[in-house]
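Visitor: The amino acid sequence is not available; the structure is as follows:
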């Protein structure tokens, strides 16, 4: 028997329960991991609330990121062994492969031996942020040193990962945040400029920063009304990569800017990287090298204990965090 987090109905954080279940031994090509830490993601709150792209059969587990020690390996697994310190690549389905548990089972292909210099909390905060940012900035946008890049929701773990990747390439990272509460922290985290939505005119400020050449790359998980000022600030032939939809307001299609500047508006999911073996291997190499050199370094916003999973989800939905929320097991 092992303790896992499940929900029997959709709703707020209070529907999460810690339950004892009988976890089968790993099957062929699988490994079982004794979890030391979990990384929380917005997608998990959406699944719990019933508004995610995946529809679970209830009761359902959840969770996309974890780090721990391999306890048991299944038949055919040769590159991993019991005792290895590992972290998990987010699976396509967290319903099929949930990470919230003291002991979890995952396909060996989604398990990575992380650098020994990382502690458990940092190891649990690697793959969703950095793979998401890598796929958008490197694989799709082909970010260059001379580029300006706008990063909205910049204080999220993905936003901070994007700032670090942009800085590693030499691009100019413009962070966009709701209030001035996180402005200094974003500057300290490497943003070249910070625009505060509640206090500044977004279009005017972006034009002031980027000048007449404009911004070639926009990385946004929000959508909604900011599409118009974002595209107004973009350069000819620029690309806006949308990887979320957090705004509850309609998202206008900025036709004049799209036509006049021949812009690309591109929807993106991290599955484009994790579901392609060659792209995933390139991404893993990029991230692991960045972690080794210190160019990439996970920023942990706050840590909760496993028994505080409800409180951790409440904090996730408060939007008060700066960086990754981690749960220790």
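Guide: Yes, it's here. In this text, all values refer to a predicted model and were calculated from it rather than measured experimentally. Numbers count the residues shown, from 1 in each chain.
Visitor: List phi and psi for the most centrally placed residue in the chain.
Guide: When Cα atoms, centre = their mean is applied to the chain, the residue found nearest the centroid is residue 129 (3.2 Å). When read as degrees, to the nearest 10, the backbone of residue 129 gives phi -60, psi -50.
Visitor: Contacts only, for it.
Guide: Neighbouring residues of residue 129 by Cβ atoms under 8 Å, 6 or more residues apart in numbering: 156, 157, 158, 160, 161, 298, 324. Backbone N, C-alpha and C define where each C-beta goes, glycine included.
Visitor: show me the contacts for the last one.
Guide: Spelled out, that is residue 324. Residue 324 neighbours (Cβ under 8 Å, 6+ apart): 39, 40, 124, 125, 129, 157, 298, 299, 300, 301.
Visitor: Would you check how far apart the third one and residue 112 are?
Guide: Put plainly, it is residue 124. The gap separating residue 124 from residue 112 is 12 Å, by Cβ to Cβ, to the nearest Å.
Visitor: what's the overlap in contacts for these two?
Guide: residue 87.
Visitor: So which of these two has more stuff around it?
Guide: residue 124 (32 against 20; other Cβ atoms under 10 Å).
Visitor: Go ahead and confirm the more buried one touches residue 63.
Guide: No: the criterion here is Cβ atoms under 8 Å, and residue 124 misses it with residue 63 at 10.2 Å.
Visitor: Return every residue with contacts to both of the two.
Guide: Common neighbours of residue 124 and residue 63 (Cβ under 8 Å, 6+ apart) are residue 38.
Visitor: Now residue 154: which helix or strand?
Guide: Using DSSP states H and E, residue 154 sits in no helix or strand.
Visitor: My read is that it contacts residue 163, right?
Guide: Yes: using Cβ under 8 Å, residue 154 is in contact with residue 163, at 6.7 Å.
Visitor: and for these two, which residues touch both?
Guide: Contacts common to residue 154 and residue 163, judged by Cβ under 8 Å, 6+ apart, are 175, 186, 191.
Visitor: Between those, which sits nearest residue 247?
Guide: residue 175 (17.7 Å; Cβ to Cβ).
Visitor: for that closest one, what are its contacts?
Guide: Counting by Cβ under 8 Å, 6+ apart, the residues that residue 175 touches are 151, 154, 155, 159, 163, 186, 191, 193, 194, 195.
Visitor: What is the burial count for the fourth one?
Guide: Applying other Cβ under 10 Å, we find 28 residues neighbouring residue 159.
Visitor: which residues touch it?
Guide: 151, 152, 153, 175, 219.
Visitor: Please identify which helix or strand holds it.
Guide: Using DSSP H and E, the element containing residue 159 is helix 157-169.
Visitor: mean confidence for that helix?
Guide: Computed over helix 157-169, the mean pLDDT rounds to 97.
Visitor: Report the buried residues of it.
Guide: Across helix 157-169, burial judged by 16 or more other Cβ atoms under 10 Å covers 157-169.
Visitor: I'd like the next helix or strand past it.
Guide: strand 172-177.
Visitor: For whatever helix or strand comes next after that next one, enumerate the helices and strands it packs against.
Guide: Going down the chain from strand 172-177, the next helix or strand is helix 183-188, by DSSP H and E. With contacts defined as 3 or more Cβ pairs under 8 Å, 6 or more residues apart in numbering; DSSP states H and E, helix 183-188 has these neighbours: strand 172-177, strand 193-196.
Visitor: Identify each buried residue in helix 183-188, please.
Guide: For helix 183-188, by 16+ other Cβ under 10 Å, it's 183, 185, 186.
Visitor: just the contacts of residue 159 now: which is nearest residue 225?
Guide: Once Cβ to Cβ is applied, the member of the contacts of residue 159 that ends up nearest residue 225 is residue 152, at 12.1 Å.
Visitor: Pull the contacting residues for that closest one.
Guide: So residue 152 contacts 159, 176, 218, 219, 220, 221, 222, 226, 230 (Cβ under 8 Å, 6+ apart).
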